[in-house]
Every structure is written in structure tokens, then in C-alpha cells.
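Colleague: Here's a sequence, model it:
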Amino acid sequence: MKVTINAAMTIDGKIATASGDSTISSKDDLKRVHRLRAASDAVVVGIATVLADDPKLTVRLARGKNPIRVVVDTRGRIPADSQLLRTACKVRTIVAASSQASAADIERIRQTGAEVLIMGKEAVDLKALFSALDKIGFKKILVEGGGELNWSVLNLGLADELIVTIAPRIAGGRLATTLVEGDGYDTISQGPKFHLARVQKTRAGELVLFYKKK
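Modeller: Next comes the predicted model:
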């Protein structure tokens, strides 16, 4: 299995403003992301991203198939009117929850056509989830955030590749979401190390950095 984290951020490292605006990528970069989705077996996001952005996570700006959509949602909070659940009958959708999700919420989600996997007691066990996806046959996993999920995937050593688009803008804000949230490390040396494999520049002046795990 290959796990790739893809994200767009401002020069100052924000993937969303304090108010939740995450419209960072240019049209050219969005086309690249959609090509990346089309080449992936599954795309994984956290519930915070769903609640903030209500994404479809389908392939629209490129040719290719839609990936399976996976939501990490510990308590089963995904809204029934979210774009993911409203299209769950057309595009396979999996909600990975924990035992903290109520039976009523699990049934509510399943009634939309989405599948529910219970992957832990207090929180979703990401290692178990990714192992389950691997056993199903999903070999190319794309993680599209947000910051908390990025932290968990990186901290557990699950990411093989990190693709970061840096847009020529400043967001600021001490409450704005950064590329990687979570608890963080006490020292820089504790963090996972990546090497820069290549760099692309878009017509909008963005830099797309492709990092591989060392």
C-alpha cells in the first residue's frame, strides 16, 4: 500500500483561515489534485474537513474513475445532507467510526447507502483502518486532510509521500488551521523526515513540492 498526503497551504503554512475558508489552490492545481484522485483507489478525509468544506471528493476536472471515499468520523457525526452521504448510492463511501458512535447514527449513515466500519473503541484506529483498506484491495490511498488527520497519519508513520502546494498568499491568524495540527513533537529531531523528490511551478505562481519518506 502507498499512502500519499496531499494539501495546499499558504506561504505561512495555513490550510484554512480561522473562519474556515480553504480555497487556496488555483484551477491548475485543482486539476492536478483531481488527476491524483483518479489514480487513487481511495481518498481519506477527517470529519472536520467534511463539516467545514462539505466536499464531494469525486473526479470532475480530469478523466478517470472516482476513488472510494473514506471518512474518519469517531462519533458518527457526518450530516445526512452532506454531499458525501447524498451521493453514497452512486459513489462507494465508507465511514470509519469507533464504538463512540451511537447505534442510531450508524443506522442513519447506513440508510444513505454508505458503509460503516467500527475501527476502535475510543477513537478510530488508523493503523487498523489502513490495514483493512489494504485487505479490501485498496493499494493507493490519498489523504486530503485536514490538519488533525495529517498529524495522525504522519505520527503513526503511515505516509509514504507528501505533496504540498504552496500558494503565494498569506492567511495569518493564530487560530487558523496549519498543515499539521495534533499534539506535535517536543523536539524537531523527533519528527518524521522526508526528502524533496521534485518541484513543480504552476501558472498561478504556486510551488508544488513532492516529498518522499526517508
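Colleague: For the protein, just list every one of the strands.
Modeller: 2-10, 14-16, 42-46, 68-72, 93-97, 115-118, 140-143, 161-167, 177-178, 194-201, 207-213 (DSSP state E).
Colleague: got TSV for these, with mean pLDDT and distance to residue 149 too?
Modeller: Glycine gets a C-beta too; all of them are placed from N, C-alpha and C. Below are the strands of the chain laid out as TSV (pLDDT from 0 to 100; distance: least, CB to CB, whole Å):
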stretch	mean pLDDT	distance to residue 149
strand 2-10	98	9
strand 14-16	97	11
strand 42-46	98	4
strand 68-72	98	6
strand 93-97	98	11
strand 115-118	98	16
strand 140-143	98	6
strand 161-167	98	13
strand 177-178	97	11
strand 194-201	97	17
strand 207-213	97	17
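Colleague: tell me the contacts of the residue nearest the centre of the chain?
Modeller: Central residue check for the chain by CA atoms, centre = their mean: the C-alpha nearest the mean position is that of residue 144, 2.3 Å away. Applying CB atoms under 8 Å, 6 or more residues apart in numbering to residue 144 gives the contacts 6, 7, 33, 43, 44, 45, 49, 55, 57.
Colleague: now do 7 Å
Modeller: 6, 43, 45 (CB atoms under 7 Å, 6 or more residues apart in numbering).
Colleague: Name the member of those with the most neighbours.
Modeller: residue 43 (25 neighbours; other CB atoms under 10 Å).
Colleague: That residue touches residue 34, doesn't it?
Modeller: No: applying CB atoms under 7 Å as the test, residue 43 and residue 34 come out as separate, 10.7 Å apart.
Colleague: Using a markdown table, lay out the strands of the chain together with distance to residue 187.
Modeller: Output for these, formatted as a markdown table (distance: least, CB to CB, whole Å):
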| stretch | distance to residue 187 |
| --- | --- |
| strand 2-10 | 22 |
| strand 14-16 | 24 |
| strand 42-46 | 26 |
| strand 68-72 | 28 |
| strand 93-97 | 31 |
| strand 115-118 | 35 |
| strand 140-143 | 25 |
| strand 161-167 | 20 |
| strand 177-178 | 18 |
| strand 194-201 | 17 |
| strand 207-213 | 20 |
